[in-house]
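**Q** 3D, please:
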Amino acid sequence: MSSPILLPIVGRGMLVIKLGEMMMILDLHRQGLSVSAIARQTGADRKTVRKYIDRGLEAPAYGPRRPRATVIDPFAAYLRERVAAYPGLTARRLLRELKERGYSGGYTAVTKAA
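**A** I've put the predicted structure just below:
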């Protein structure tokens, strides 16, 4: 059984294309069919067909994502200092102190950061 490959289709969500269907796209291309003809025959978008023809049988390569900035990032150094100086501080107390310094986030972010 071949494993499904998810292909994004504009306006239609995700189309699941199995390895055999991807091989069919590549085979139709080798036979000389145009990208538009292959797209009509397979039901995939032309850009998707073109992408898989360009890629060939190469597996998709996904790199690591950059970490996203959070609301608590500007206050992380302060939290580390306070917890190092007073290890018994509660998250509620730290939240009050952060709110006084302009923190607009919530309690859970403080508990995870502390």
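
**Q** quick one, domains of this structure?
**A** Following automatic domain parsing, one finds the domains of the chain at 4-55, 73-113.

**Q** Go through the helix or strand that contains residue 78 and flag the buried ones.
**A** Element membership of residue 78 [criterion: DSSP states H and E] is helix 76-85. When burial is assessed from 16 or more other CB atoms under 10 Å, helix 76-85 yields the following buried residues: 79, 82. (C-beta placed from N, C-alpha, C; glycine too.)

**Q** Mind listing what's buried along whatever helix or strand comes next after it?
**A** Helices and strands here follow DSSP H and E; after helix 76-85, the next one along the chain is helix 91-100. If you call a residue buried by 16+ other CB under 10 Å, then helix 91-100 has these buried ones: 91, 94-95, 97-98.

**Q** Using CSV, lay out these together with distance to residue 41.
**A** Listed next are these as CSV, based on distance: CB to CB, whole Å:
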residue, distance to residue 41
91, 59
94, 61
95, 59
97, 64
98, 59
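
**Q** I'd like to know which of the residues you listed is nearest to residue 111.
**A** residue 91 (4.6 Å; CB to CB).

**Q** just to revisit the earlier point, and the domains of the chain, which one averages the lowest pLDDT?
**A** Set side by side, the domains of the chain give their lowest mean pLDDT on domain 4-55, at a mean of 78.

**Q** Alright, that wraps it up for me.
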